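Novice: how does the following fold in three dimensions:
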Amino acid sequence: MKTTAKQPAVSRSAATGPGAPAPPQLTRRQVQIFSALIVFHLLAIIAAPLATPPTSGTFGSLLGALQWYVEPMFLNHGYRFFGPDPGPSHLVEYEVELPDGKRLSGVFPKLDEHWPRLLYHRHFMLTERLQAFPEARRSPDTMFVAGAVGGLSSESVLADVPGNPVLDMLALSYAKHLYHTHGARRVRLTLIRHLIPQPQWVQNGMTLRDESLYLRWPLVEYAGEDEPANVDERQRGAELLAPVEKVAP
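Specialist: So this is what the prediction gives:
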């Protein structure tokens, strides 16, 4: 029987010892090229945040020059995290009436319920998508009060803008989801705007969760497809609501 002698294993230290071949080295020209590519990519990463308003024309021009690279590489993110002037946040409060008369209530997004954080963010984006509702349903005088308190721009309080049908349907879809999930008899949604207190309010003792910082607009009440329409055929089974319940902290 023929046997083959085992070759001794080469240790790592031996492979990298004095007699080992030197690893390939980049030339000076290659180092310069790779360094330039890395710097260019880092510049593209910061171009979009620098160009996010408020900004200067210089940063806008920089982003324009790099647009051909930023867009396909999906680097066009603001990363300002709503600064330097963050606006109010929004929640949706829901009340579900069950066939046996019991009622379930809750709010989303909710930190202690929607976890991990990405799930909270998904619910957060659902509520932020509805934030145009209050401004779209106010008469000019009420819009002025809500605008002065809620931090709306002066332009948004000058006219009565009709409700956005896309946002109407979004609110209705949220209500339908809760309706079918719970086998409900009726679902009612309320949009809550959580205002950011002014510095002087905080200095006077107001907390971030002070009740007066919450504005509420009833959004939609849904009672199933088989009920007659309360508003129009497009909103069959739903009643879109508008009154402002609280507008002043």
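
Novice: show me where this protein has its strands.
Specialist: Assigned by DSSP state E, the strands in the chain fall at 89-97, 103-108, 186-194, 214-222, 238-240.

Novice: what residues does stretch 94-111 touch?
Specialist: Here stretch 94-111 makes contact (CB atoms under 8 Å, 6 or more residues apart in numbering) with 91-93, 113-114, 120-121, 123-124, 126-127, 174-175, 178-179, 182-190, 192. Bear in mind the C-beta positions are built from the backbone N, C-alpha and C, glycine included.

Novice: make a ChimeraX selection of the buried ones in those residues.
Specialist: To isolate the buried members of the contacts of stretch 94-111 in ChimeraX, using 16 or more other CB atoms under 10 Å:
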select :91,92,93,114,120,123,124,126,127,174,175,178,179,184,185,186,187,188,189,190,192
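
Novice: can you list the domains in the chain?
Specialist: 26-85, 89-240 (automatic domain parsing).

Novice: any idea how far Ala36 lies from Leu126?
Specialist: As for Ala36, its distance to Leu126 is 43 Å (criterion: CB to CB, to the nearest Å).

Novice: pull the longest helix from this structure.
Specialist: For the chain, the helix with the greatest residue count under DSSP state H is helix 28-51.

Novice: buried residues, that one. List them.
Specialist: Across helix 28-51, burial judged by 16+ other CB under 10 Å covers 44, 47-51.

Novice: show me the helices in this protein, by range?
Specialist: 12-15, 28-51, 57-65, 67-70, 117-128, 133-136, 140-150, 165-182, 199-203.
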